[in-house]
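the sequence isn't on hand, but the structure is:
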């Protein structure tokens, strides 16, 4: 029997029944309509396929399909239902006792099957309810799967799924851009093949630590097909499924090649800058040494007296500036210099300038390491040079032995500095502001430049204190 489908009376919960036995079809229709379903009946393969090809076929809730049809096997009708979007679930209704037929139906993805036993039509509403529920769940899963697939396949990050056996089972299409390889080319291969040998241990470490920490990350280098290197930030996470015994690993690779190249360029530019600054400090030091030599030559031509003393003092001040550039040239950090080392060098320079015998005057330092930038190091060096020189000139006359102590500490946002000696001390009624000494006026000006003022006192010798707010 082959006839056109008998239209259903209602469009909601529509069922397509393909059955060539009119009696069985009528019993099934009545049972389903009592449960609120509307049923359309087709008597064979041709009319069933035609019903499924119509514009309204997508409204069918399910297809009930008999096995024995007068015009051929039932499989083309099932294929037409499963080809619809969304797919129409197929329930196999058969009197055939051959299990191979049922297995074939299940292999083809049928939603369920019902055997034609006595009163079987009364089972159909419950079967359809179960099939509809599973269909809705499958629809939501399909939507979620499609959404995730769209996100992964259009993401700029490469997503790879790594099986428990150590093979790639999925690689997103962006691998063509990142690695110059097609997804199919990488499937089934070990991920280790495209990681540079030096970084493979990092990847193994990530995998080994996933048990303790389910999310791991590292920077790796991957091999592009053309031989170039792609730097990636690799993040790994475990994916446990019921389908396989061992958990799979999901790798997300974010391309950081451009960022890495930019960092390398910045590092190279910084190194070049440091080399240039070092060269500048070296040349300035050499030029200042030339100035010192010229001043020494002039000093030797002057008779003993004030002019020669002034020239020698100037030589010592130029030496203090020379030490700054020499220290900055020698240090790795060309932006700052060591305070304690600089003070030691200044002290040695003052000893040499005053022709003091070795060991006559000792230096005692109590300083913390306060970094000095170039714009602060020059005025500080000149200030320290003036204060140390005054200790030598006025505190230890006639070869007197003693000690110069320098204390520097940062407290409450300012640097507290004290230079003291155990020498002859200050003269009675000493007033630094009224003193005509150029050295004292220069020291006061330098202290003011660094945010402080000098305070002189007698304390078993001379003591000069200041708080340098800009150091």
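Nice, I can see it. Keep in mind that this is a model prediction, so the values were computed, not measured. Numbers count the residues shown, from 1 in each chain.

just name the shakiest helix or strand of this structure by mean pLDDT.
Counting by mean pLDDT, DSSP states H and E, the weakest-scoring helix or strand in the chain turns out to be helix 124-154, with a mean of 71.

what's downstream of that helix, the next helix or strand?
Toward the C-terminal end, the helix or strand that comes next after helix 124-154 (DSSP states H and E) is strand 158-162.

after that following strand comes which helix or strand?
Sequence-wise, the next helix or strand beyond strand 158-162 is strand 168-171, with elements assigned using DSSP H and E.

partner strands of that next one, with direction?
In its sheet, strand 168-171 lies beside strand 158-162 (antiparallel), with partners assigned from DSSP bridges.

look at the nearest residue to residue 446 once chain neighbours are set aside and give its secondary structure.
Distance criterion Cβ to Cβ, 6 or more residues apart in numbering; nearest residue to residue 446, sequence neighbours excluded, is residue 383 at 4.0 Å. The way it works is simple: take the backbone N, C-alpha and C, and place the C-beta from them, glycine included. In three-state terms, and counting by DSSP: H, G, I helix; E, B strand; the rest coil, residue 383 is helix.

is it true that residue 383 touches residue 448?
No: under the criterion of Cβ atoms under 8 Å, residue 383 is not in contact with residue 448, lying 10.0 Å apart.

which of these two has more residues huddled nearby?
The residue with more neighbours, out of residue 383 and residue 448 and counting by other Cβ atoms under 10 Å, is residue 383; that gives 28 against 15.

so who does the more buried one touch?
Residue 383 makes contacts with 443, 446-447, 450, as judged by Cβ atoms under 8 Å, 6 or more residues apart in numbering.

against residue 348, how distant is it?
Taking Cβ to Cβ, to the nearest Å as the measure, residue 383 and residue 348 are separated by 17 Å.

quick check, nearest of the contacts of residue 383 to residue 75?
Proximity of the contacts of residue 383 to residue 75, judged by Cβ to Cβ, is greatest for residue 450, which lies at 95.3 Å.

name the nearest residue to that closest one, sequence neighbours excluded.
Excluding the flanking residues, the one nearest residue 450 by Cβ to Cβ, 6+ apart is residue 468, at 4.4 Å.

shouldn't that neighbour be in contact with residue 451?
Yes: in this structure residue 468 lies within contact range of residue 451 using Cβ under 8 Å: 5.7 Å.

now for those two: what residues contact both?
Shared contacts of residue 468 and residue 451 (Cβ under 8 Å, 6+ apart): residue 414.

what about residue 370, neighbour count?
Residue crowding around residue 370 was assessed by other Cβ under 10 Å; the count is 18.

confidence score at the nearest residue to it once chain neighbours are set aside?
Nearest-residue entry for residue 370: residue 339, 5.0 Å, with adjacent residues in sequence omitted and distances by Cβ to Cβ, 6+ apart. The score at residue 339 is 83. That number is its pLDDT.

and this protein, what are its domains?
Residue ranges for the domains of the chain, per automatic domain parsing: 14-151, 155-255, 260-335, 337-471.

where is the longest helix in this protein?
Under DSSP state H, the helix in the chain containing the largest number of residues is helix 257-301.
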